[in-house]
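Asker: please find the sequence and the predicted model below.
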Amino acid sequence: MDELPEKINPLASMPSEPIDPAVDPGALISVIVPLINEEGTIVELFDKVRDVFQELQRDYEIIFIDDGSTDSSWQLLRMLYQEYPMNVRAIRFRLNKGKAAALAAGFELAEGEIIFTMDADLQDDPSEIPRFLECLASGADLVTGYKKKRRDPLHKVIPSRFFNWVVSMASGLRLHDYNCGFKAYRKEVMDDVHLYGELHRYIPFLANARGFKVKETIVEHHPRTSGVSKYGMERYFRGFFDLFTVIMLTRFSRKPLHLFGGIGSFLFIIGLVINMWLTWIWLWGAAIGNRPLLFLGVLLMVVGIQLFAIGLVGEMINSAKPRDDSDRPIKTILK
């Protein structure tokens, strides 16, 4: 009978961890740049991004998404593609579909293990890409920029700060700048997060809800040198509506009764208390038939029952859906 070895190393047979793509020189990095009418900055942006990756000695691809430009942006992209076919990829929309649609198209096309997003107006500085990679290498799954010193007028800065404060309170993820387009992701983040509508500003919120680690790093915000801003005050109103969508998707998509049942029960109890008080004074001889409070109490009870019923219907629909792993934040399986 063979003798057993004196010492057995329990870690000897364990699979080794793969090299982190944030530091692996052989891992491809994708840079997604949505744009509309940015003919004055496209070539300069490409040159700066190329210089950074050449200095890092990293393989890269830049994916430009022309979101319905009416200037010569597409002609410039064709020129860059012809000159650098190994590094430039481009998508052209027939109509302006918005930044979320452009980013979604870029994520679908990207082949890199690390994905960057940045605007084409050169207000984001490509020279800061190495710092994002350092944050990813330290354990983050998503790194978002924070424009501590913004080069924007006050009427844009104040609403932005208020918006970021509200989103931070609602999400539990404290970030200074949800709207910053300069971000870095591990590919698995965007494989797991479904992007549609105008939810691009809430990618950190969605990623955090799926268990990914989100970090923030300060970035330099340069003044715009060419073109005009494509965003107005209306984006904040749309953003608040989208916030309710994200809250529903992250907290109540699998338990709708917790939301509708909670609100419905609250309204029903208020209506019940009102009607009980009116019943009490009616027993003592007071006339209540012409009181608006009676109608309010009945209305609250009826609406409360309806909301509770909507929550129950939602639970029934969820129970009838096929079971899958889409809501399970699985990171690794050893088998």
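Answerer: Noted; the coordinates are in hand.

Asker: what is the burial count for Leu307?
Answerer: 21 (other CB atoms under 10 Å). Every residue, glycine included, has its C-beta placed from N, CA and C.

Asker: wait, a helix at it?
Answerer: Yes: Leu307 sits within a helix when classified using DSSP: H, G, I helix; E, B strand; the rest coil.

Asker: in the stretch 51-200 of the chain, what spans have low per-residue confidence?
Answerer: Residues of the stretch 51-200 of the chain that meet the criterion pLDDT under 70 lie in 151-155, 197-198.

Asker: can you map out the helices along the protein?
Answerer: 42-56, 73-83, 99-109, 129-137, 154-171, 187-192, 203-209, 234-247, 256-283, 292-320 (DSSP state H).

Asker: most packed of those helices?
Answerer: helix 203-209 (a mean of 23; mean count of other CB atoms under 10 Å).

Asker: and that helix, what does it pack onto?
Answerer: Secondary-structure packing of helix 203-209 (3 or more CB pairs under 8 Å, 6 or more residues apart in numbering; DSSP states H and E): strand 142-147, helix 154-171, strand 183-186, helix 187-192, strand 214-219.

Asker: for the first one, the distance to its chain's centre please.
Answerer: The reference is to strand 142-147. Remark: strand 142-147 is offset 12 Å from the chain centroid, using CA atoms, centre = their mean, to the nearest Å.

Asker: show residues contacting that strand.
Answerer: 124, 128, 132, 135-136, 175-178, 180-186, 189, 203-204, 207, 212-219, 221 (CB atoms under 8 Å, 6 or more residues apart in numbering).

Asker: I'd like to know which of these are buried.
Answerer: 124, 128, 132, 135-136, 175-178, 180-186, 189, 203-204, 207, 212-217, 219, 221 (16 or more other CB atoms under 10 Å).

Asker: so who does Gln75 touch?
Answerer: By CB under 8 Å, 6+ apart, Gln75 has no neighbours at all.

Asker: now do it against Arg92, distance only.
Answerer: 11 Å (CB to CB, to the nearest Å).

Asker: okay, the helices of the chain in TSV with distance to Lys147 next?
Answerer: Listed next are these as TSV, based on distance: least, CB to CB, whole Å:
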stretch	distance to Lys147
helix 42-56	17
helix 73-83	24
helix 99-109	17
helix 129-137	14
helix 154-171	9
helix 187-192	21
helix 203-209	15
helix 234-247	16
helix 256-283	34
helix 292-320	39
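
Asker: of all those, which lies closest to Asp20?
Answerer: Closest to Asp20 of the helices of the chain, according to CB to CB: helix 129-137, at 5.8 Å.

Asker: and that closest one, C-alpha only, in CSV?
Answerer: Output in CSV follows, covering the C-alpha atoms of helix 129-137 (Å, rounded to 0.1, in the frame of the first residue of the first chain):
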residue,chain,number,x,y,z
ILE,A,129,-7.9,57.0,-17.7
PRO,A,130,-5.0,55.4,-15.7
ARG,A,131,-6.5,56.5,-12.4
PHE,A,132,-9.8,54.8,-13.3
LEU,A,133,-7.8,51.6,-14.0
GLU,A,134,-6.1,51.9,-10.7
CYS,A,135,-9.5,52.1,-8.9
LEU,A,136,-10.7,49.1,-10.8
ALA,A,137,-7.6,47.2,-9.9
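
Asker: show me how far that helix is from its chain's centre.
Answerer: Using CA atoms, centre = their mean, the offset of helix 129-137 from its chain centre is 19 Å.

Asker: check which helices and strands that helix sits against.
Answerer: If you count contacts as 3+ CB pairs under 8 Å, 6+ apart, helix 129-137 packs onto helix 42-56, strand 114-117, strand 142-147, strand 183-186, strand 214-219.

Asker: show me the protein divided up by domain.
Answerer: Domain assignment for the chain by automatic domain parsing gives 29-252, 256-320.

Asker: make CSV out of the ones you listed and add distance to Ala22.
Answerer: Converted to CSV, those look like this (distance: least, CB to CB, whole Å):
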stretch, distance to Ala22
domain 29-252, 4
domain 256-320, 37
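
Asker: among the helices and strands packed on helix 203-209, which is nearest Tyr81?
Answerer: With CB to CB as the yardstick, what comes closest out of these is helix 187-192 (23.0 Å).

Asker: can you give me the end-to-end span of stretch 184-194?
Answerer: 17 Å (CA to CA, to the nearest Å).

Asker: and the contacts of it?
Answerer: So stretch 184-194 is contacted by 21-22, 107, 110, 112-117, 129, 132-133, 135-136, 141-143, 203, 206-207, 210, 212, 329 (CB under 8 Å, 6+ apart).

Asker: how far does that stretch sit from the chain's center?
Answerer: Using CA atoms, centre = their mean, the offset of stretch 184-194 from its chain centre is 10 Å.

Asker: residues in contact with stretch 278-287?
Answerer: Ile288, Arg291, Leu293, Leu294, Gly297.

Asker: out of those residues, which comes closest to Ile247?
Answerer: Distances from Ile247 to the contacts of stretch 278-287, taken by CB to CB, are shortest for Gly297, at 29.4 Å.

Asker: ok, now which ones touch the closest one?
Answerer: Gly271, Leu272, Ile274, Asn275, Leu278.
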